[in-house]
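Chemist: would you be able to build a 3D model of this:
(one chain, ligands or ions: 1)
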Amino acid sequence: MADFSALARTYGTPLYVYNFDTITEQFTTLKEAFKARKSLVCFAAKANSNLSVLKHMAKLGAGCDCVSIGEVKRALFAGIPKYKIIFSGVGKRDDEIEEALQNDILMLNLESEEEMKRVEIIASRLGVQARISIRVNPNIDAQTHPYISTGLHENKFGVDIESAKRMYIHAKNATSLDPVGIHFHIGSQITELQPFRDAASVLANLLRNLKALQIDIKFFDVGGGVGIRYDNEITISLYDYAQGIFTALGGLDVTLVCEPGRYLVGNCGYFLTKVLYEKNNGYKRFVIVDGAMNDLIRPSLYGAYHEIEAYGKTMEHTTLCDVVGPVCESGDFFAKSIALPPMEHDDILVLKSAGAYGFTMSSNYNSRTRVAEVAVENGSDRLIRKRESFEDLIALEKEYV
Ligand code: LLP
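Modeler: I've put the predicted structure just below:
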């Protein structure tokens, strides 16, 4: 895909590299699968909110699904039109609701009656009508990691069908609310088709009931969650995914909205880290690298697998090792018991499928500066986020010392 040694030399390590052509391909496949109906693809910014990534999404015609006013503002700044921006999330502050309404975005996805009350009060104070959608929790098991499963009643997300009906009826009669959408999101990294089919059919039935009550829902939002291949997962076909949703919708006249994050950017991303040295304590071999859990937390947090390539090395004389970073936690690892050849100082390891929930979940733990990000497009590369400096680290504190 790219010359990772050259990129590491030019931009330093650790480093995130994103192939924008892969994003384009993924987006095109998705749009193609949905082409039989009106659709709006709202990229879930939480997966990768770099401004250049969002700008690329805007160019492709995507909208944005945001989970904080910060993400809404990023999307607007990157050129995503306001009428393609959705604001989701289980808890929104008053000031966030106010700013979203002032920015006149497409809709707010609501997750409780209490939240709807706040939106109603704020919209009425501002003298606007808030376009809303309700996230319905269909109580369906997405069969994925418990931390990223959201569609069961035991999860904090959304409302049950009966509460949703009550909320829609209230919203229809409220002057400052305009119920325009219906929404579900049952989890992430889903590799089975059936949970999507089941959820779509539960919501389509509710939608039919709402239409019978003259509640005119225009947007059917199926959330995100389509899984990608990290290892040897068998992923779902986008065509079957779309067909499953179409079947549930039947003749209903709605615009299909989806909120993919990982599907669009997961496999476009690579995390480059350099070997500092090897250490063998007599029990175990450790390859110690300059990247760490603060840069890419998925292995530590979920036990997630990211394929690791010893870049430019032949896989000879391999032995098992743990790949670990410099952070002072035993949980700071990228892989355990993987086979690697003998590694030397400055060798490069490439962690694959790191485009989603990589940089966005990074932190400054251990006062480590956040890494740089690079885009590769049409065979050329460019910096899209500078590596943080020590000055950046202390900028918000130094005046108080
Ligand atoms: N829409 C909503 C309302 C969401 O909560 C999410 C993700 C998405 C869309 C996008 O889901 P995707 O298409 O990316 O599966 N940090 C975890 C993933 C957390 C997902 C949270 N919500 C990870 O690294 O696996």
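Chemist: buried set for the longest strand along the chain?
Modeler: Using DSSP state E to define each element, the chain has its longest strand at strand 269-280. Neighbour-count burial for strand 269-280 flags Gly269, Tyr270, Phe271, Leu272, Thr273, Lys274, Val275, Leu276, Glu278 (criterion: 16 or more other CB atoms under 10 Å). In short, each C-beta sits where N, CA and C put it, glycine included.
Chemist: next, the contact list for the last one, please.
Modeler: Going by CB atoms under 8 Å, 6 or more residues apart in numbering, Glu278 touches Arg285, Phe286, Val287, Ile288, Cys321, Pro342, Met343.
Chemist: distance of it relative to the ligand?
Modeler: 29 Å (CB to the nearest ligand atom, to the nearest Å).
Chemist: what does the fourth one give?
Modeler: Spatial separation of Leu272 from the ligand under the definition CB to the nearest ligand atom is 19 Å.
Chemist: do I have it right that that residue meets Thr13?
Modeler: Yes - using CB atoms under 8 Å, Leu272 makes contact with Thr13 at a distance of 5.3 Å.
Chemist: intersection of neighbour lists for the two?
Modeler: Gly291, Ile348.
Chemist: residue ranges in the stretch 301-401 of the chain under the pLDDT threshold?
Modeler: Nowhere does the stretch 301-401 of the chain drop to pLDDT under 70.
Chemist: just the strands in it please.
Modeler: 308-310, 319-324, 333-340, 348-351, 372-377, 380-385 (DSSP state E, counting those that start in this stretch).
Chemist: follow-up on the earlier one: the longest strand of the chain: what's the following helix or strand?
Modeler: strand 285-289 (DSSP states H and E).
Chemist: quick one: low-confidence residue ranges for this protein.
Modeler: Applying pLDDT under 70 to the chain flags residues 146-153.
Chemist: mind giving me the domain split of it?
Modeler: The chain breaks down into these domains under automatic domain parsing: 4-15+267-388, 34-260.
Chemist: can you redo those domains as TSV with distance to Glu397?
Modeler: Shown next, in TSV, are the domains of the chain (distance: least, CB to CB, whole Å):
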stretch	distance to Glu397
domain 4-15+267-388	11
domain 34-260	20
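Chemist: right, and those domains - which one's nearest Tyr400?
Modeler: Tyr400 sits nearest to domain 4-15+267-388 of all the domains of the chain, at 16.7 Å, using CB to CB.
Chemist: okay, now Asn173: neighbour count?
Modeler: Number of residues near Asn173 (other CB atoms under 10 Å) recorded here: 8.
Chemist: which single residue in the stretch 1-150 of the chain comes nearest to the ligand?
Modeler: Nearest residue of the stretch 1-150 of the chain to the ligand (CB to the nearest ligand atom) works out as Ala44 at 3.5 Å.
Chemist: so what does that residue have for phi and psi?
Modeler: When read as degrees, to the nearest 10, the backbone of Ala44 gives phi -80, psi 100.
Chemist: so it touches Val257, yeah?
Modeler: No - under the criterion of CB under 8 Å, Ala44 is not in contact with Val257, lying 11.7 Å apart.
Chemist: just checking, Asn103 touches Pro81?
Modeler: No - taking CB under 8 Å as the definition, Asn103 is not a contact partner of Pro81, at 11.1 Å.
Chemist: phi, psi for the nearest residue to the residue of the stretch 1-150 of the chain closest to the ligand once chain neighbours are set aside please.
Modeler: Take Ala44 and drop its neighbours on the chain: the residue closest to it by CB to CB, 6 or more residues apart in numbering is Gly261, 3.2 Å away. Main-chain dihedrals, Gly261, degrees, to the nearest 10: phi -110, psi -70.
Chemist: list the contacts for Gly261?
Modeler: Phe43, Ala44, Ala45, Lys46, Ala47, Asn48, Asp65, Ser188, Gly224, Ala356, Tyr357.
Chemist: again, only this time at 6 Å
Modeler: Shown in contact with Gly261 (CB atoms under 6 Å, 6 or more residues apart in numbering): Ala44, Ala47, Gly224, Ala356.
Chemist: try Ala130
Modeler: Leu101, Val119, Ala123, Leu177.
Chemist: which residue packs closest to the second one, ignoring adjacent ones?
Modeler: Closest residue to Val119 in three dimensions, ignoring its sequence neighbours and counting by CB to CB, 6+ apart: Ala130, at 5.2 Å.
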